[in-house]
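Visitor: Have a look at this prediction, sequence included:
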Amino acid sequence: MNLLAIKDIYKKEVKGNGLKGINFDQMPLERIAIAGETGSGKSTLLKIVAGFVQPDSGTVYFRDTKIKGPNDTLIPGHKSIAYLSQQFELPHFLTVEQVLIYANPLSDVEAENDESAKELYSLCSIEHLLKRKTDELSGGERQRVALTRLLLTKPELLLLDEPFSNLDMMHKDTLKEVINMIGRSLSISCILVSHDPLDSLSWAEKIIVMKDGEIVQMDNPKNMYNNPIDEYVAGLFGRYNLINEDLATSLNLSVSLINNAHTIIKRPELITISSLNNVGIEATINSVNYFGSYQEVEVAVRDSTLLIRTDCRENYSIGDVVCISFQ
């Protein structure tokens, strides 16, 4: 049985961000990431799922029961769904411990001795923050406290709207690990909106890409990355090459891969560089950029320019003539 079912959701918005016939399902414990450019409707969709925004038409079902919007109920929201927005707020001038005790459904005395809450503090890596005031926390620390406060309500579904935005690498990695642990330890399903492709590819079981209020592709991370439906989807998940029909034929790529734009989309790491007169076709190196664990080499081949990502064992120079082929 589905945990969540989104049925033909429409929402008109003055500033864009509208939704046009959104449909998808989520199974229990399934991790779903939603990607798309700013204004594609990601946050609006999350708020509708949470019950905070009323759709113009369509229905959201949670365990086969309709989620009511603000027009249908006095207090918007669903008790089994927790939503962490980009503009979350914590009470000022209180300690973290006070904020969490007040958020706990148990009485204050019971909350102070709640062992499951203490385990949650450990899981979310905030034990050392309990005595600090909320205005003494960094952005990443505040984010984890806000998440912990939501989890005290024991939701079945967690909605995270750009949780990694404006975090430095250290706090971002900590929050990523916390989110992973939440799913495994607390058996909570999750939908995450993020602009960073690595956040989605390494975490999600299903990725939904939105553009102008519509779903343009829905797939598992591997297929989404290697077989994007168009340039828009390809660009969301990293660098890519557009290969025309003539070059594709020379490189022995299947014509069945050619899309409506008469091109093939291929990632830079799928191209191999070898010595001249080796397997492949001749190309000239235009530039070499070093990134530590890999290097990106731009080559001119026929009337095209291709980007190649390779390891750093070989030293390439501008003007070198090499052979390229596809793995």
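Guide: Received, thanks. In this text, all values refer to a predicted model and were calculated from it rather than measured experimentally.

Visitor: Give me the below-cutoff pLDDT ranges for the chain.
Guide: 14, 16-17, 107-113, 254-261 (pLDDT under 70).

Visitor: Which strand in it has the most residues?
Guide: strand 281-290 (DSSP state E).

Visitor: pretty sure residue 317 is in a strand, no?
Guide: No: assignment of residue 317 by DSSP: H, G, I helix; E, B strand; the rest coil gives coil, placing it outside any strand.

Visitor: Which residues are in contact with it?
Guide: 285, 288 (CB atoms under 8 Å, 6 or more residues apart in numbering). Every C-beta, even on glycine, is put in place using the N, C-alpha and C of the backbone.

Visitor: With residue 159 instead?
Guide: Residues 46, 49-50, 81-84, 190-191 are the ones in contact with residue 159 under the rule CB under 8 Å, 6+ apart.

Visitor: between those residues, which is nearest residue 205?
Guide: residue 190 (10.0 Å; CB to CB).

Visitor: doesn't residue 155 make contact with the closest one?
Guide: No: the pair residue 190 and residue 155 fails to qualify as a contact (CB atoms under 8 Å) at a distance of 9.9 Å.

Visitor: of these two, who's got more company?
Guide: residue 190 (22 against 19; other CB atoms under 10 Å).

Visitor: just checking, what packs against the lengthiest helix in the chain?
Guide: Counting residues, the longest helix found in the chain (DSSP state H) is helix 169-186. Packing contacts for helix 169-186, counted by 3 or more CB pairs under 8 Å, 6 or more residues apart in numbering; DSSP states H and E, involve helix 115-123, helix 139-151, strand 189-193.

Visitor: and the angle from it to helix 139-151?
Guide: 20 degrees (axes from the mean of the first three to the mean of the last three CA atoms, to 10 degrees).

Visitor: quick one: contacts of helix 169-186?
Guide: Contacts of helix 169-186 (CB under 8 Å, 6+ apart): 29, 31, 123-125, 138-141, 143-144, 147, 151, 158, 160, 163-164, 167, 188-190, 192, 199, 203.

Visitor: same thing with stretch 123-138?
Guide: Contacts for stretch 123-138 (CB under 8 Å, 6+ apart): 90-97, 99-100, 118, 121, 141-142, 144-145, 147-148, 151, 171, 174, 177-178, 181-182, 185-186.

Visitor: Quick one: buried ones out of those residues?
Guide: Neighbour counting with 16 or more other CB atoms under 10 Å marks 90, 95-97, 99-100, 121, 141-142, 144-145, 147-148, 151, 171, 174, 178, 182, 186 as buried within these.

Visitor: Let me see the ranges of the strands in the stretch 1-150 of the chain.
Guide: 4-11, 19-26, 31-36, 57-62, 65-66, 81-84 (DSSP state E, counting those that start in this stretch).

Visitor: Quick check: can you name the pairing partners of the last one and their directions?
Guide: What it means is strand 81-84. strand 157-161 (parallel) (DSSP bridges).

Visitor: hang on, the earlier thing: okay if I get the strands of the stretch 1-150 of the chain as a markdown table plus distance to residue 304?
Guide: Converted to a markdown table, these look like this (distance: least, CB to CB, whole Å):
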| stretch | distance to residue 304 |
| --- | --- |
| strand 4-11 | 41 |
| strand 19-26 | 36 |
| strand 31-36 | 28 |
| strand 57-62 | 44 |
| strand 65-66 | 53 |
| strand 81-84 | 44 |
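
Visitor: For the closest residue to residue 36 other than its chain neighbours, which residues are in contact?
Guide: Excluding the flanking residues, the one nearest residue 36 by CB to CB, 6 or more residues apart in numbering is residue 210, at 3.8 Å. Residues near residue 210 by CB under 8 Å, 6+ apart: 34-36, 40-42, 45, 216.

Visitor: Let's see that with 6 Å instead.
Guide: Contacts for residue 210 (CB atoms under 6 Å, 6 or more residues apart in numbering) come out as 36, 40-42.

Visitor: of all these, which comes closest to residue 9?
Guide: residue 41 (9.6 Å).

Visitor: how far away is the closest one from residue 132?
Guide: Note on residue 41: its distance to residue 132, by CB to CB, to the nearest Å, is 37 Å.

Visitor: Compare neighbour counts for those two and give me the winner.
Guide: A count of neighbours by other CB under 10 Å puts residue 41 above the other of residue 41 and residue 132, at 25 against 15.

Visitor: ok so, going back, quick check, nearest of the contacts of residue 159 to residue 233?
Guide: Nearest to residue 233 among these, with distances taken as CB to CB, is residue 191, at 18.7 Å.

Visitor: Tell me what that closest one is bridged to.
Guide: Beta-bridge partners, per DSSP bridges, of residue 191: residue 32, residue 159.

Visitor: Can you pull the phi/psi pair for the nearest residue to residue 322 once chain neighbours are set aside?
Guide: Leaving out its chain neighbours, the residue that sits closest to residue 322 by CB to CB, 6+ apart is residue 273, at 5.2 Å. When read as degrees, to the nearest 10, the backbone of residue 273 gives phi -100, psi 130.

Visitor: Tell me which residues touch the residue nearest to residue 190 when sequence neighbours are not counted, please.
Guide: Distances taken as CB to CB, 6+ apart put residue 158 closest to residue 190, at 4.7 Å, once the chain neighbours are dropped. Contacts for residue 158 (CB under 6 Å, 6+ apart) come out as 82, 188, 190.
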